[in-house]
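**Q** sequence first, then the predicted structure, then my questions.
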Amino acid sequence: YTPSITSGTVTLTLTTNDPDGAGPCTAATSTVVITVTAAPTAVAGTNVTTCSNSGAVNITAGSSATNNAGVTWTSSGTGTFANATSLTTATYTPSAADILAGSVTLTLTATGNSPCPNATSTKTLTITTLPTASIVYSGSPYCSNGGTASVSLTGTSGGTYSSTAGLSINSSTGAVDLSASTAGTYTVTYTIAASGGCPAVTATTTITINELLSVTTSTVGVACFGETNGSATAHAIGGMPTYTYNWSNSQTTQTITNLSPNTYTVTVTDQNGCSTTAVAVVSEPSMPLNAVATFANETCNQLNNGSIDVSVSGGTSPYTYIWSNGANTQDLNPLAAGTYVVTVTDNNGCTTVLSQTITQPSLLAASITPTNETCNELNNGSATVNVTGGSVPVAYLWSTSATTASISSLSAGAYSVTVTDTN
């Protein structure tokens, strides 16, 4: 007998008749009641997808069960359930092994009412493994003139890099252009897209760029040609004080002294280890200070018309003059015979000393040696002038207009001569 109902009771009656129908026996009957218990049903519902970092996931979507004494969820994996006997609030937390496997089979079992067997239904929980990554700028903090800072990535590649304004970062490689960035500390975010409808994964780190260190120099040139009294000073700004200095002549102070004319390079390093260089040029006068005299001696004894003209070259103009006679002009005139000393000082205090002697000729003197006529009116007299001192050659002019040292064929009388030397 196959019941036509799914649940409930059916009464069956067994009736026996008289075998031959002739009597005297009457029909006999007997009844039995059949109880029909409804078979359980179980529907696990739609498959579920979750992300590896989502933790507990509700697995009851689309699930149902009927005609049962209770339901239970089980898994082919090693994760854990909460509310495993619920059709609405049951959750499953995948284990590490489940995540590695990528999926598990979830079974909904509906316990049948006796004597019915249990009903089961399955669904698949797919676990999307999220990408993982960590990033670091191992050189941080960086110097702003340090070129390019590269990021070290561990994990999934192919993501994008981003940061706040002020940081010049390559979104594909994470490389930072330090010189194009503003000094400061930035958070860099590395974002990786995830599959399976999972949210993007991010990794963050910080990068610090120190303020630009810059250096200028000032110099004091060598005062006098050939000396070694120049100096140079480095002036650092920015970066992180205090600063250290390393000059190309091995000096390590901010100011270096006792320098000869040359080009000096200084490397300045701040407390963060950032460094930059600058050049200092120590100069000197192009030529040594030198004085030369052009002079004129006295033309005549005690005429006091000598002169000295001083020409100065080299050193650093303007120049000052101090003479041994107390004068402070560049040139002297008129001068008596003697030695004159001038100290020439340039604008840097360099000096040179020049000595010049002015001479005078000895006193010009003349005498006449006459020769008288031997006979009256013979006109055979003569006269010769004798000259001492003065400057040769000398010129003669007699009262007779003769211009020789001696004149002859003279008649008796008085004669005079004017002697003029070369001056």
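**A** Looks like it came in fine. Numbering: from 1, shown residues only.
**Q** return stretch 230-249 as PDB; C-alpha atoms alone will do.
**A** What follows is stretch 230-249 as a C-alpha-only set of coordinates in PDB (Å, rounded to 0.1, in the frame of the first residue of the first chain):
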ATOM      1  CA  GLY A 230      93.400  85.700   3.300                       C
ATOM      2  CA  SER A 231      90.300  84.000   4.900                       C
ATOM      3  CA  ALA A 232      87.100  82.300   3.900                       C
ATOM      4  CA  THR A 233      83.900  81.700   5.800                       C
ATOM      5  CA  ALA A 234      81.100  79.200   5.000                       C
ATOM      6  CA  HIS A 235      77.500  80.300   5.800                       C
ATOM      7  CA  ALA A 236      75.000  77.400   6.100                       C
ATOM      8  CA  ILE A 237      71.200  77.700   6.200                       C
ATOM      9  CA  GLY A 238      68.500  75.100   6.300                       C
ATOM     10  CA  GLY A 239      68.900  71.500   7.100                       C
ATOM     11  CA  MET A 240      69.300  70.500  10.700                       C
ATOM     12  CA  PRO A 241      71.900  72.400  12.800                       C
ATOM     13  CA  THR A 242      74.600  71.900  14.000                       C
ATOM     14  CA  TYR A 243      76.900  71.800  11.000                       C
ATOM     15  CA  THR A 244      80.300  70.400  10.300                       C
ATOM     16  CA  TYR A 245      82.800  71.800   7.800                       C
ATOM     17  CA  ASN A 246      85.400  70.100   5.700                       C
ATOM     18  CA  TRP A 247      87.500  72.300   3.600                       C
ATOM     19  CA  SER A 248      89.700  71.300   0.700                       C
ATOM     20  CA  ASN A 249      92.800  72.300   2.700                       C
END
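**Q** got the buried residues for it?
**A** By 16 or more other C-beta atoms under 10 Å, the buried positions in stretch 230-249 come out as 230, 231, 232, 233, 234, 236, 238, 239, 243, 245, 247. Every C-beta, even on glycine, is put in place using the N, C-alpha and C of the backbone.
**Q** quick one, what contacts the residue nearest to the spatial centre of the chain?
**A** Central residue of the chain (C-alpha atoms, centre = their mean): residue 145, 2.3 Å from the mean position. Residues near residue 145 by C-beta atoms under 8 Å, 6 or more residues apart in numbering: 178, 179, 212, 213, 274, 276.
**Q** show me which of these are buried.
**A** 178, 212, 213, 274, 276.
**Q** re earlier: confidence score at the residue nearest to the centre of the chain?
**A** On pLDDT, residue 145 comes in at 84.
**Q** quick check: phi and psi on it?
**A** phi -110, psi 30 (degrees, to the nearest 10).
**Q** mind checking how far it is from residue 60?
**A** Separation of residue 145 from residue 60 (C-beta to C-beta, to the nearest Å) stands at 62 Å.
**Q** also residue 160?
**A** 37 Å.
**Q** who's more crowded, these two?
**A** residue 60 (22 against 14; other C-beta atoms under 10 Å).
**Q** before we move on, which element is the more buried one in?
**A** In this structure, residue 60 sits in neither a helix nor a strand according to DSSP states H and E.
**Q** offset the numbering so it begins at 32, please.
**A** Sure, I'll start counting at 32 from here, so that last one is residue 91.
**Q** ok, it touching residue 120?
**A** Yes: using C-beta atoms under 8 Å, residue 91 is in contact with residue 120, at 7.0 Å.
**Q** how about JSON lines for the contacts of residue 176, with secondary structure, distance to residue 257 and pLDDT added?
**A** Compiled in JSON lines, the contacts of residue 176 are given as follows (DSSP: H, G, I helix; E, B strand; the rest coil; distance: C-beta to C-beta, whole Å; pLDDT from 0 to 100):
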{"residue": "209", "secondary structure": "coil", "distance to residue 257": "46", "pLDDT": "95"}
{"residue": "210", "secondary structure": "coil", "distance to residue 257": "43", "pLDDT": "92"}
{"residue": "243", "secondary structure": "coil", "distance to residue 257": "40", "pLDDT": "88"}
{"residue": "244", "secondary structure": "strand", "distance to residue 257": "36", "pLDDT": "91"}
{"residue": "305", "secondary structure": "coil", "distance to residue 257": "39", "pLDDT": "90"}
{"residue": "307", "secondary structure": "strand", "distance to residue 257": "33", "pLDDT": "93"}
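**Q** turn these into JSON lines, including distance to residue 165.
**A** Shown next, in JSON lines, are these (distance: C-beta to C-beta, whole Å):
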{"residue": "209", "distance to residue 165": "22"}
{"residue": "210", "distance to residue 165": "27"}
{"residue": "243", "distance to residue 165": "30"}
{"residue": "244", "distance to residue 165": "31"}
{"residue": "305", "distance to residue 165": "27"}
{"residue": "307", "distance to residue 165": "33"}
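**Q** before we move on, the earlier item: tell me which of the buried ones among the contacts of residue 176 is nearest to residue 97?
**A** Of all the buried ones among the contacts of residue 176, residue 209 has the smallest distance to residue 97: 69.6 Å, by C-beta to C-beta.
**Q** do you know how far the closest one is from residue 190?
**A** 22 Å.
**Q** likewise residue 334?
**A** With distances taken as C-beta to C-beta, residue 334 is found 105 Å from residue 190.
**Q** more crowded one of these two?
**A** Comparing residue 334 with residue 190 by neighbour count (other C-beta under 10 Å), the higher total belongs to residue 190, at 23 against 14.
**Q** please identify the buried residues of stretch 239-249?
**A** Applying 16+ other C-beta under 10 Å to stretch 239-249 flags 240, 241, 242, 243, 244, 246, 248 as buried.
**Q** what about the closest residue to residue 130 other than its chain neighbours, neighbour count?
**A** In space, and not counting its chain neighbours, residue 130 is closest to residue 83: 4.7 Å by C-beta to C-beta, 6 or more residues apart in numbering. By other C-beta under 10 Å, 20 other residues sit near residue 83.
**Q** and the pLDDT for residue 83?
**A** 93.
**Q** now it: how far from residue 115?
**A** 21 Å.
**Q** all helices of the protein, in order?
**A** 127-132 (DSSP state H).
**Q** where does pLDDT dip in it?
**A** Low-confidence segments of the chain, defined by pLDDT under 70: 49-55.
**Q** again, only using 80
**A** Across the chain, the ranges flagged by pLDDT under 80 are 32, 36-38, 48-58, 177.
**Q** what sits against residue 78?
**A** Neighbours of residue 78 in contact, by C-beta under 8 Å, 6+ apart: 154, 155, 156, 157.
**Q** if we can go back for a sec, export the buried residues of stretch 239-249 to CSV and tack on distance to residue 384?
**A** Below are these laid out as CSV (distance: C-beta to C-beta, whole Å):
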residue, distance to residue 384
240, 61
241, 57
242, 55
243, 53
244, 49
246, 43
248, 36
